[in-house]
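[1] Quick check, what structure comes out for this input:
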Amino acid sequence: MTVIPFLVAALLLAPAVRLLLLALRTRQMPELWAGLYFLGAGIGIPLRVYGIAVFTIDPESGEWINMAGHLFFAGGAIAMTLFTWRVFHPGRAVASQFALTTIAAIVATTVWTLVSGQGSQEDSIAIIATNFARLVPTGWAFRESFRYWVAMQKRVRLGLADPVVANRFGLWSIWTCAVSVLPGIALAARMLNRVFVFWEAGGTPGALETQIFMALQVVFLAAAPVAAVALSLSFFPPARYLDRIRERAAVAGEAA
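    Sure thing, here's the model as predicted:
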């Protein structure tokens, strides 16, 4: 058993605690939805990893642990969908429909995975569909954060926006992109695994499979620390980092 589940839990549960405590004080829904996302992901992902490891030794216990991980992770994905909807498009009908469709897809694929008994079969069709549905919320959050970051950069140069807030949108776009890439890589690996099963039957050389999976591992190892750093700076920025952001904005404003 590796330390990866514990590192993931520590990374995600720290902002979960901070946001949920903030939601308790402010009674604001965005903080609650964001906090529930980190709580669900911070518990669900480690349970999934741990459940898969236990499954090889004790299939029954591993299956139950994995099922709990699926439920927590699905809840987190739904919370991220609600967060993005309420923060960026609270009054748009199209966004409401997209959010509800995404939530329905997460619920349906999660139920399919659990009812079909494929929760521990990582290359099954149910798992692939479930993981794809759970990629949508963070991908949507990345799109909206990046779009707002670009727009606020122009306002910062004119002195019409807080550079720290603008930087936070940039950090959110970075870590939401990274946390979309990470499961996206796992999803790609599972889909490729199914493809290679058919190809190998026709005599496909194993070297191609090895090269592709090595490339995926390199991208994974690069994206993980980027997500960790951006997430840490989003919620626990050092004072010197914030001072640097303000200084750079002041210099840019003078130049403009």
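
[2] Which other helices and strands does whichever strand or helix holds residue 185 contact?
    Assigned by DSSP states H and E, residue 185 belongs to helix 163-201. Helices and strands touching helix 163-201, by 3 or more CB pairs under 8 Å, 6 or more residues apart in numbering; DSSP states H and E, are helix 125-157, helix 206-235, helix 239-255. Just so you know, the C-beta spots here come from the backbone N, C-alpha and C atoms, and that holds for glycine as well.

[3] Would you mark the buried spots in it?
    163, 166-190, 192, 196 (16 or more other CB atoms under 10 Å).

[4] Now for residue 65: which residues touch it?
    By CB atoms under 8 Å, 6 or more residues apart in numbering, the contact set of residue 65 is 47, 50, 51, 54.

[5] Figure out how far the strand or helix carrying residue 101 is from the centre of its chain.
    Residue 101 belongs to helix 93-116 when elements are defined using DSSP H and E. Centroid displacement of helix 93-116 relative to its chain, using CA atoms, centre = their mean, to the nearest Å, is 16 Å.

[6] mind listing which of the contacts of residue 65 are in helices?
    If you go by DSSP state H, the contacts of residue 65 have 47, 50, 51, 54 in helices.

[7] Dump those into TSV; add distance to residue 63 as well.
    Converted to TSV, the ones in helices among the contacts of residue 65 look like this (distance: CB to CB, whole Å):
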residue	distance to residue 63
47	12
50	12
51	7
54	9
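
[8] Looking at these, which is nearest residue 136?
    Nearest to residue 136 out of the ones in helices among the contacts of residue 65 is residue 47 (CB to CB; 21.3 Å).

[9] In this structure the closest one contacts residue 72, no?
    Yes - using CB atoms under 8 Å, residue 47 makes contact with residue 72 at a distance of 6.4 Å.

[10] still on that earlier bit, for the contacts of residue 65, which one is nearest residue 128?
    For these, the residue nearest residue 128 by CB to CB is residue 51; the value is 17.6 Å.
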